[in-house]
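Undergrad: quick one, fold the following:
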Amino acid sequence: MTELDHEKAYVVRCGAALRTMLDGARLNVVIGEQVAGDRYSAERLGRHLKSLAKQLGEEPDGPPFFGRLDFGSGTEAGDHRGQRYYIGRRHISGDVGEPPMVIDWRAPVSRAFYRAGASDAQGIAVRRRFGWAGKSLTGYEDERLDRGEDLGTTSRIVAAEIERPRVGPMRDIVATIQPEQDELVRAELEESICVQGAPGTGKTAVGLHRAAYLLYAHRQRLQRGGVLVLGPNRAFLGYISTVLPALGEVDVEQTTVDQLLANGSMILGGDGDAAAAVKHDARMAAVLRRALYERVRRPTQAITVPDGSYRWRVSQDELRRIVDDTRRGETPYAVGRERVLSRVVDLLRRQAEARGHTPGAVWSRKMSRAVTPFLDAVWAAVRPEEVVAGLLGDPMALGRAADGLLTPDEQSAIVWARPPRTYKSAKWSSADIVLIDEVAGLLERTPGYGHVIVDEAQDLSPMQCRAIARRSEHGSITVLGDLAQGTAPWAARDWRDQLAHLGKPEAQVIALTTGFRVPAAVVALANRLLEALKVNVPRTRSFRTDGRLRVQKVPDLPRAVVAAVRDALHHDGSIAVIAADAATESLAVALSKEGITIAQTGVVSGAERVSVVPATMAKGLEYDHVVVAEPADIVEAENRGLNRLYVVLTRAVSRLDVLHSRPLPPEVQPSAKE
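TA: Residues are numbered from 1 along each chain as shown. Down below sits the predicted model:
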């Protein structure tokens, strides 16, 4: 039997062991439901067992392992001397009393698989990488680290995995994580980091793999708060949706900022550019605080509270002192209201006790009801929607709250021309939802997450950043983005400013500069734009020497797009036609008329290999073959059109066709040096 046959036999044994684990987990769920004990413990045990069964039941169809570590016999191997470990996406148990058949890639010993090299073998004699076709083991590749053999990124198996055609959702990169990426993935839970990464450098994958690692290493600490992944849009979330389940994590919340803040509410309205820019500005936080606390009034008279044959009295001066002291305490508004109530009732209690009474809980509730009219007059209970509607629907109220903060033109931009009858009938825009969330955070402390991962963070507005900061105040964050891909009107130009808005000014900024997905020819084309984008980001170097770039001037754009797609269909992988939003419908019609099936979701799979993608929806997505139609139209469609073109050009991971009937934007044309 050859060495490869031995490894194939091990694959069969791993499959049987995994099925045994699943059967055992399902049996434990049944038994766990009958376990005696207190209700709380039984519920926690039940949730744990069902979660484990769910993870095993959703085990992906991929191979059970992708690497192997053979430790040497020297002292540098430590406790692992002479041991052999298979490394995979999840732990696979051996027989009772036997060592695991596969070690989880997140386990401490697995770190050496990613970090070891010829200069620092970390006790490893042989590192083996496996090649797969589906679930079939096709070969392996050994590196004798003890002899100084280190293939690094020249490994044919690593290269084949990186260059594999991309059909369907995003895949994990667990088999090809590079040392600099692994350092970020395994950063400590308490550490907040910002990853500046050009297209194809793996920043999104790093963020998702960090989520999986933190849940493995700190599961108990993260169990209550959980992990939140925020993406720019639903198409992007659909694209990344299978990565964490493939890594054994099925209970991570993945959503967009709008959906997180809307909390089930419908976003029915919209804003013009001027209004949206003002509402997303950080100054709105101060405007909203003023509008909320303007509702607090200074007491104008004493109060008298009847209590049977007695009447207790609290003077105006005492009431003013309570209200003023509470305001200075800077507690959340709703907490302040309760504090005013409790302090007034406490004064009443002291008077009653001085008369020989012994006030109990019933008496306290009675006094609270009696004091409530006074409380409503000086510290009214409000809903966040009510505050925002009262501000945007009343020019006078807005003028008072925005005095010295917003210009008259800015106030005019956001005030409602036709205010709704009540806040309940308002058609809120996505920017309004951010304002409502800000007020909600002023009223009560926002529940937080143990860790938050934010992708495409360069496009977050200051007010959106504040909303995320409230949810990670006592946790850590991973910020992912690329300043060069900033396309929102308020897109960040400096990570320090953005991190300050996110409440983590101390976070370290790390740049990934090696592109593993985008071929060198495509990277070179996109790099021409960097100088015009006016952001301080390093130029990207591509790991890929393959790929193809064609730039063609054509007389008939729709016909040329159809021809380019037909040519692309002769190759494996996904295909996207990306154009200015206004042009996508006509291009989709042209393709359909020629019998080319168009995927409807933007995430291609199966027979639907071709998608027509609006330029504004392309961010974060990747396709094997991209056809960019009329770059000049993309640039002219929005203020940050050059940034948008940079995004669009870097969606291709194998082949890129740039088709134009109009002159190319001068910023993308080759210089005299090229």
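
Undergrad: in what helix or strand does residue 480 lie?
TA: Assigned by DSSP states H and E, residue 480 belongs to strand 476-481.

Undergrad: show me what counts as buried in that strand.
TA: 476, 477, 478, 479, 480, 481 (16 or more other CB atoms under 10 Å). No exception for glycine: its C-beta is placed from N, CA and C like everyone else's.

Undergrad: quick one, what contacts the fifth one?
TA: Applying CB atoms under 8 Å, 6 or more residues apart in numbering, we find residue 480 in contact with 194, 195, 197, 203, 204, 206, 207, 453, 454, 455, 456, 457.

Undergrad: do the third one as well
TA: Remark: with contacts taken as CB under 8 Å, 6+ apart, residue 478 is in contact with 192, 193, 195, 207, 210, 211, 451, 452, 453, 454.

Undergrad: show me what the most centrally placed residue in the chain is bridged to.
TA: Nearest to the geometric centre of the chain sits residue 230, at 2.6 Å (CA atoms, centre = their mean). Note on residue 230: beta-bridge partners by DSSP bridges are residue 255, residue 454.

Undergrad: quick check: it touching residue 453?
TA: Yes: the pair residue 230 and residue 453 qualifies as a contact (CB atoms under 8 Å) at a distance of 6.9 Å.

Undergrad: may I have the helix or strand following the strand holding residue 480 as CSV, with CA atoms only?
TA: Sequence-wise, the next helix or strand downstream of strand 476-481 (DSSP H and E) is helix 495-501. Output of helix 495-501 as CSV, limited to C-alpha atoms (Å, rounded to 0.1, in the frame of the first residue of the first chain):
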residue,chain,number,x,y,z
TRP,A,495,-8.5,55.2,10.2
ARG,A,496,-7.7,57.1,13.4
ASP,A,497,-10.8,59.3,13.0
GLN,A,498,-13.0,56.3,12.3
LEU,A,499,-11.6,54.4,15.3
ALA,A,500,-12.3,57.3,17.5
HIS,A,501,-16.0,57.3,16.4
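
Undergrad: what lies in contact with stretch 338-357?
TA: 303, 305, 307, 310, 312-314, 318-319, 322-323, 326, 329, 331, 359, 363-364, 367-368, 371-372, 374-375, 378-379.

Undergrad: again, but for stretch 526-535
TA: Contacts of stretch 526-535 (CB under 8 Å, 6+ apart): 199, 483-484, 486, 493, 518, 537, 539-540, 642-643, 645-646, 649-650, 667-671.

Undergrad: and if we set it to 7 Å?
TA: Residues from elsewhere that reach stretch 526-535, judged by CB atoms under 7 Å, 6 or more residues apart in numbering: 483-484, 493, 537, 539-540, 642-643, 645-646, 649-650, 667-668.

Undergrad: any chance of those residues in CSV with distance to residue 511, pLDDT and secondary structure as columns?
TA: Shown next, in CSV, are the contacts of stretch 526-535 (distance: CB to CB, whole Å; pLDDT from 0 to 100; DSSP: H, G, I helix; E, B strand; the rest coil):
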residue, distance to residue 511, pLDDT, secondary structure
483, 10, 96, helix
484, 12, 95, helix
493, 15, 93, coil
537, 7, 91, coil
539, 11, 88, coil
540, 10, 85, coil
642, 21, 96, helix
643, 18, 96, helix
645, 22, 97, helix
646, 16, 96, helix
649, 20, 96, helix
650, 16, 94, coil
667, 22, 92, helix
668, 23, 89, helix
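
Undergrad: nearest to residue 143, of those residues?
TA: residue 540 (27.1 Å; CB to CB).

Undergrad: now the closest one: closest residue in space that isn't a chain neighbour?
TA: The shortest distance from residue 540 to any residue other than its chain neighbours is 3.9 Å, reached at residue 198 (CB to CB, 6 or more residues apart in numbering).

Undergrad: that's all I had, so thanks and see you.
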